[in-house]
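Q: Dropping a prediction and its sequence here:
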Amino acid sequence: MTAFTLFLCLFCQVLVVAGNLLLKHAMAGMDGQERSRLQTGVWLFAGIALFSLWFFLWLDLLTKYELSQLYAFEGLAPVFLMAAAWLFLGEKVPLRGWIGVSLIGAGLMLVAGA
Amino acid sequence: MLTSDQALPGFSLKLSASTKAYIKLGACAGLLAAGEILLKIGATAQPDSPMTHWATWIGIVFYVLNFVAWLEALKTIPVGIAFAVQSIVQLMVPISAWLFLHEQISAGRAFGILLVFVGVFLAAAPSAVADERL
């Protein structure tokens, strides 16, 4: 895998995590929680936009690389979730989380090279 | 007198709410893995324009169904448990790719995939906490 492909794989997972969070908030708005219709609409639109971008990037990667290699990068989703909670909310990552991140990191280095 | 319930005790199909939720979660995993395989089939068959291939479109439908089933399952199952169950997809996809698409998986890649799976499983609970706060 080239460095650029690796970057695209990482970027894809950032899009998936961000898209999921946006859609989650949009759904909560549609369930009648205190959010304005405009806010819900913006979240919904942004979520769908991120997922569309992710889809075409992912499909392009699939034309060039094997699925068994690419799919391992989906393992980054929990890593980015914990990183976002740490970055934006100051949440601490517990030991269990760090062990998980280390295993995912080591596994991905093996998969990227093989 | 036997009622139909007594006559056929093994055939009563009354599933509890949590059993139904786990069936939905299982459907999620299956739909996701099948969706990925279909996208790969479309991308391989038409590398220049995967959107013109039928498999790509069925893959998209599976993705959307997966998303609906996921939201339904989460109404009953805690996010942390759902994430942990869902980590099995990390193994289902490469095994399906090997089985149905005949991808060659080297020992190094197989070991890497295994490490990622264990990592995702361990990180399920803390990442679910992160997901709920974000």
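A: That came in fine, so what should we check first?
Q: And the pLDDT at residue B:59?
A: What the model reports as pLDDT for residue B:59 is 96.
Q: and residue 88, what does it touch?
A: I'll assume chain A. For residue A:88, the contact set (Cβ atoms under 8 Å, 6 or more residues apart in numbering or on different chains) comprises residue B:134. C-beta coordinates here come from the backbone N, C-alpha and C atoms, glycine included.
Q: That was the other one, I meant chain B.
A: Residues near residue B:88 by Cβ under 8 Å, 6+ apart: B:29, B:117.
Q: try residue A:12
A: Applying Cβ under 8 Å, 6+ apart, one finds that residue A:12 lies in contact with A:54, A:57, A:58, A:61, A:73.
Q: Of the residues you listed, which is the most crowded?
A: residue A:73 (23 neighbours; other Cβ atoms under 10 Å in any protein chain shown).
Q: The closest residue to that residue other than its chain neighbours sits in which helix or strand?
A: In space, and not counting its chain neighbours, residue A:73 is closest to residue A:9: 4.2 Å by Cβ to Cβ, 6 or more residues apart in numbering or on different chains. Here residue A:9 sits within helix A:3-30, counting by DSSP states H and E.
Q: Out of the contacts of residue A:12, which is nearest to chain B?
A: Closest approach to chain B among the contacts of residue A:12 (Cβ to the nearest Cβ): residue A:58, at 7.5 Å.
Q: For the closest one, what is the enclosing helix or strand?
A: helix A:37-64.
Q: Tell me which other helices or strands that helix touches.
A: If you count contacts as 3 or more Cβ pairs under 8 Å, 6 or more residues apart in numbering or on different chains; DSSP states H and E, helix A:37-64 packs onto helix A:3-30, helix A:67-70, helix B:17-45.
Q: Low-confidence ranges, chain B, go.
A: Within chain B, the segments meeting pLDDT under 70 span B:1-12.
Q: Grab the most central residue of it for me.
A: Centroid-nearest residue in chain B, with Cα atoms, centre = their mean: residue B:29, separated by 0.9 Å.
Q: State the mean pLDDT of the helix holding residue A:58.
A: Mean per-residue pLDDT for helix A:37-64: 94.
Q: Please dump the contacts of residue A:12 into JSON lines; it should also carry distance to residue B:79 for every row.
A: Listed next are the contacts of residue A:12 as JSON lines, based on distance: Cβ to Cβ, whole Å:
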{"residue": "A:54", "distance to residue B:79": "21"}
{"residue": "A:57", "distance to residue B:79": "26"}
{"residue": "A:58", "distance to residue B:79": "24"}
{"residue": "A:61", "distance to residue B:79": "28"}
{"residue": "A:73", "distance to residue B:79": "22"}
